[in-house]
Structures are given as structure tokens and as C-alpha cells.
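Trainee: Need the 3D shape of this:
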Amino acid sequence: MSEYLLSIAGREYRAEVAELTAERARIVVNGQEYTVELVEIGRPAGAAPVPAAPPPRPSDASPSRGTAAPSAGTPPRSAPPPAGDGGVHAPLPGLVLEVRVKEGEAVSAGQPVVVMEAMKMENVVPAPHNGTVRKIFVANGDSVAEGDALLEISRPEMTTL
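Mentor: Numbers count the residues shown, from 1 in each chain. Coordinates of the predicted model:
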């Protein structure tokens, strides 16, 4: 992701941010990998805000989102993951133009996974972290509301010191 040259007490360290989420970061310092928990200054650990789930919509109860029957390419719907648990959510209401990944596919942080249209503009939704696409909740042509789950990406197993 990003590389930095750090100077601490007169000693230089080369640091790379390999993965970054709101809760943790995976960094490599002089070739050694570390996983660190991130806590906002002034906020006690474990007190991070949890976004409220959007209210259920009638179309959420329908597995085909309003069509008569799911098409052969439409993935089955299941309970979406909560925010911060590998879920990739719609950043705004719109229409899914293209799902660019398949279940089981490995993805890298920042890789485009979904293209949406909102207000006549295309919006690319990137993978928030490295991992494997575990579940896809939408198909091309689906209308989604802000916060709707688009897909779920499992995190790779990380080692810590």
C-alpha cells in the first residue's frame, strides 16, 4: 500500500503498510511483519462506533430482489456479514453494473470488486483488504441501498509476533 522511511531516536526504519482497516493494520518494518490494533486517540479500546444496520426493506426478504425467479447466474442470498467482519457494503444507493469477482477468487486490497451506477456516474467499489471472496450477495442489475451487503471477503490468516 504505502511505504515510509521512519527515523526514531536517530535510527532509520523502512516501513510498509501492507493492509489497513479501521480496526487494525498489517505493517512490515525492515522486513519483519507486525499486526497492530488501531485505537482512535481519546477513545478507549473496544469503544469504536458500530454502524447501525439499515432497516429491513421488503425487497431484502425476496431472494431474487423483485424478479420472478433468480437467473442461473444470480447467487443465492443469505444473511450478510456485519460491518467490519469482511463485508463489503454499498457506499451509496444505486444499480450494480458489474460484479468483477467470483466466489473463491483471491483479491488484493484496493482491487475493484463491484462497479455501481449512482446519479448517472460509475462508482468502483474496491476490496478493503486482501483475502478470498467468500460470498456474493448481489448480481448485475440489482438495485441496492446505501449499506447493503455486496459481498464478503475472508481475511488471510495472519501471523503476529
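Trainee: Let me see the ranges of the helices in the chain.
Mentor: Taking DSSP state H as the test, the helices found in the chain are 58-61.
Trainee: What are the structural domain limits within this protein?
Mentor: 2-37, 75-154 (automatic domain parsing).
Trainee: Name every strand pairing with the longest strand that the chain contains and say which way it goes.
Mentor: When the chain is parsed with DSSP state E, its longest strand is strand 11-20. For strand 11-20, the paired strands and their directions (DSSP bridges) are strand 2-8 (antiparallel), strand 24-29 (antiparallel).
Trainee: and these as a markdown table, adding mean pLDDT?
Mentor: As requested, the strands paired with strand 11-20 are exported to a markdown table (pLDDT from 0 to 100):
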| stretch | mean pLDDT |
| --- | --- |
| strand 2-8 | 81 |
| strand 24-29 | 82 |
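Trainee: Quick one: closest of those strands to Pro126.
Mentor: strand 2-8 (15.0 Å; C-beta to C-beta). C-beta coordinates here come from the backbone N, C-alpha and C atoms, glycine included.
Trainee: which regions of this protein sit below the pLDDT cut-off?
Mentor: In the predicted model, the chain carries pLDDT under 70 at residues 1, 22, 39-85, 157-161.
Trainee: so Glu152 makes contact with Val138?
Mentor: No - contact criterion C-beta atoms under 8 Å: Glu152 and Val138 do not qualify, at 11.4 Å.
Trainee: Between those two, which is the more surrounded one?
Mentor: Higher neighbour count among Glu152 and Val138: Val138, with 23 against 20, using other C-beta atoms under 10 Å.
Trainee: Surely that one is in contact with Val125?
Mentor: No - using C-beta under 8 Å, Val138 is not in contact with Val125, being 10.3 Å away.
Trainee: residues contacting Pro93?
Mentor: Residues near Pro93 by C-beta atoms under 8 Å, 6 or more residues apart in numbering: 118, 143-146.
Trainee: repeat that with 7 Å
Mentor: Going by C-beta atoms under 7 Å, 6 or more residues apart in numbering, Pro93 touches 118, 144-146.
Trainee: Neighbour-wise, which one of the residues you listed leads?
Mentor: Val144 (23 neighbours).
Trainee: With that, I have no additional questions.
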